[in-house]
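K.L.:
okay, structure incoming, though there's no sequence with it:
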């Protein structure tokens, strides 16, 4: 058994941000039933731990992700507000760090408060933080419109989807070209939010009423099937069938139904960050009036089990968007809302007869808190993502991506030397298109702008709102 000591125990109070401020003792048992030996295995032969390392397998995963080039590039990729707006608003990098912090808070809460995770059966905080930091690595430049543009470009070549590209980065593109970062099986399973091949998810899928192709949610490209099958290999046939089960989606394709425990925690942490931190940015940018947030919190302000929502309401009430203390009061209120969400996360049964608790359970929020979170996300989408200014910015980026894709496909000498060689060695058009897609998806917003300007002339205007 290994102890990691940091402070003298867990704080218990009801102040906003208690999880951010808490000191704790993390105890990890090497023989924990939560994580089997197969969870700690890596794909590359001969890389089993020898017992002499100070860090365990999941802490190594964390280090490999933090030190990767793909992680650094997130600092110049759009979250919700374009990266050209200024250096105050969130990027994919700061968003990923905040998702990791919230996921850590959920793990601490569950380990401390729920009997399912008592004693040696604790969630591994390093694993959750590492997977949360990696969850957005595959997003291309210019946000979701950039993702849609790449999917349209790849329509005849296997498609594109940001989650699937995350898996491809981790298992092939970053680090070793055969094994990628050579991460543990548990880490890879934790980022597979939609455990299905994109080819399978696209089968039967139709364009939307305007004829546009939107990518279905999937975590693996057909080219990365071998790594996908390796991740699922230790599970029984029944467990694999359950984890990869799909249903028909409204557009005629397939959508997944299940995910691992850690993945459900990261998904919830991602939703919380999106509905609160992106709301904070939108209010600071005057895209949303703080009174809208006040209205959403007000129905729950007097609930005794959620005292921090009452504090958040009082902080928001009457707040002036032009006042000097807007940022402080807003930050205080957002902290209370986040803490309320974190404190009330609960495990729910998923597959009762699964051998691993990582498939046996997921997490959820109480219904009223889930509805509050969904309303916050809806308001950010309605007033920011789908606003005219942001859509104009996104459309411009998507147009650039289509033009770059056509240029690279028609003239491979525009690619980097390594990509050019890969393009020429590719046995068919699908693999050649994937080489081009990998190159564009790895670009930051700024690099894509500059590349487009070199090829097509300097574009007037900037990516601001």
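P.N.:
Ah, there it is. Remember, it's a predicted structure, so these values are computed and weren't measured experimentally.
K.L.:
who are the contact partners of the most centrally placed residue in the chain?
P.N.:
The centre of the chain sits closest to residue 135, judged by C-alpha atoms, centre = their mean, with a distance of 3.4 Å. Listed by C-beta atoms under 8 Å, 6 or more residues apart in numbering, the contact set of residue 135 reads 96, 99, 166, 191, 193, 266, 270. For every residue, glycine as well, the C-beta is placed using N, CA and C.
K.L.:
cutoff 7 Å now
P.N.:
By C-beta atoms under 7 Å, 6 or more residues apart in numbering, the residues touching residue 135 are 96, 99, 166, 191, 266, 270.
K.L.:
and those residues as JSON lines, adding secondary structure and neighbour count?
P.N.:
Listed next are these as JSON lines, based on DSSP: H, G, I helix; E, B strand; the rest coil; neighbours: other C-beta atoms under 10 Å:
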{"residue": "96", "secondary structure": "helix", "neighbour count": "26"}
{"residue": "99", "secondary structure": "helix", "neighbour count": "26"}
{"residue": "166", "secondary structure": "helix", "neighbour count": "23"}
{"residue": "191", "secondary structure": "helix", "neighbour count": "29"}
{"residue": "266", "secondary structure": "helix", "neighbour count": "28"}
{"residue": "270", "secondary structure": "helix", "neighbour count": "20"}
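K.L.:
any chance of those in a markdown table, plus pLDDT?
P.N.:
Listed next are the contacts of residue 135 as a markdown table, based on pLDDT from 0 to 100:
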| residue | pLDDT |
| --- | --- |
| 96 | 95 |
| 99 | 97 |
| 166 | 98 |
| 191 | 97 |
| 266 | 98 |
| 270 | 96 |
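K.L.:
Throw those residues into a markdown table and include distance to residue 158, thanks.
P.N.:
Putting these into a markdown table (distance: C-beta to C-beta, whole Å) gives the following:
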| residue | distance to residue 158 |
| --- | --- |
| 96 | 26 |
| 99 | 28 |
| 166 | 16 |
| 191 | 20 |
| 266 | 26 |
| 270 | 26 |
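K.L.:
out of the residues you listed, who's nearest residue 427?
P.N.:
residue 166 (25.2 Å; C-beta to C-beta).
K.L.:
ok, for the closest one, nearest residue in space, not its chain neighbours?
P.N.:
residue 138 (3.3 Å; C-beta to C-beta, 6 or more residues apart in numbering).
K.L.:
ok, residue 38 next?
P.N.:
The shortest distance from residue 38 to any non-neighbouring residue, by C-beta to C-beta, 6+ apart, is to residue 234 (4.0 Å).
K.L.:
could you confirm the one you found falls within a helix?
P.N.:
No: assessed with DSSP: H, G, I helix; E, B strand; the rest coil, residue 234 is coil; it does not lie in a helix.
K.L.:
next one: it, what pLDDT does it get?
P.N.:
For residue 234, the pLDDT comes out at 95.
K.L.:
got phi/psi on it?
P.N.:
Torsion angles at residue 234 (phi, psi; degrees, to the nearest 10) stand at phi -70, psi -20.
K.L.:
what about it, distance to residue 35?
P.N.:
12 Å (C-beta to C-beta, to the nearest Å).
K.L.:
looking at those two, which one has more neighbours?
P.N.:
The neighbour comparison of residue 234 against residue 35 (other C-beta atoms under 10 Å) goes to residue 35, with 26 against 17.
K.L.:
tell me the SS of the more buried one?
P.N.:
Classification of residue 35 using three-state DSSP returns coil.
K.L.:
quick one, what contacts it?
P.N.:
By C-beta under 7 Å, 6+ apart, the contact set of residue 35 is 124, 186.
K.L.:
and residue 233, how many neighbours does it have?
P.N.:
Using other C-beta under 10 Å, residue 233 is surrounded by 11 other residues.
K.L.:
how about it, phi and psi?
P.N.:
Here is the backbone geometry of residue 233 (degrees, to the nearest 10): phi -60, psi -40.
K.L.:
close enough to count as contact, residue 164 and residue 221?
P.N.:
Yes: counting by C-beta atoms under 7 Å, residue 221 is a contact partner of residue 164 at 4.9 Å.
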